[in-house]
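>>> Next come a sequence and a model predicted from it.
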Amino acid sequence: MDDHQEVVARLSEARYLARCPCQGGTYHLHWDAATFRLTPEGLGFLAQVLEDLLAQGEEGVVWLGAVGLRFRKGEGWALLWLLRQGTLLPKKALEGSFRHVN
């Protein structure tokens with residue numbers, strides 16, 4: 001992790017959410033070997049898409065642009081917890097370039 005990032009929520013050493021002051025407050029979602037850079041609006045949209053997907057089942061894939069983040073049973077809820085702990089997310093979904101499939 002870079003020195004200018006502040007960890008705002010953590011599940012493990014390899015799964016955490018950090019915030020940095022670059023570009024007005026970008027979030028960095030670290031999930032195993034991948035790191036996703038998201039705006040606050042994009043993070044809110046991701047949480048809403050994930051919540052909708054979890055309402056349909058326990059497993060799935062959330063697409064962040066062209067990259068899919070696959071999660072197994074229980075991991076989706078852990079990811080949603082991480083996003084909510086690290087930010088104050090709006091209830092209404094925000095627009096972004098994400099899609100989800102099961």
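Nice, I can see it.
>>> pLDDT below threshold where in this protein?
Counting by pLDDT under 70, the low-confidence segments of the chain come to 1-3, 88-102.
>>> Now do the strands in it.
With DSSP state E as the criterion, the chain has strands at 6-10, 15-20, 26-31, 34-38, 60-64, 67-71, 98-101.
>>> Can you give me the buried ones in the longest helix seen in the chain?
Secondary structure of the chain per DSSP state H: the longest helix is helix 40-56. Applying a neighbour-count criterion of 16 or more other Cβ atoms under 10 Å, one finds 40, 42-51, 53-54 buried in helix 40-56. For the C-beta atoms, the positions are set from N, CA and C on the backbone; glycine is no exception.
>>> Would you reformat these as TSV and include distance to Val8?
Formatted as TSV, those follow (distance: Cβ to Cβ, whole Å):
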residue	distance to Val8
Pro40	11
Gly42	15
Leu43	11
Gly44	14
Phe45	18
Leu46	15
Ala47	14
Gln48	19
Val49	20
Leu50	17
Glu51	19
Leu53	23
Leu54	21
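>>> If anything else comes up later, I'll come back, but that's it for now.
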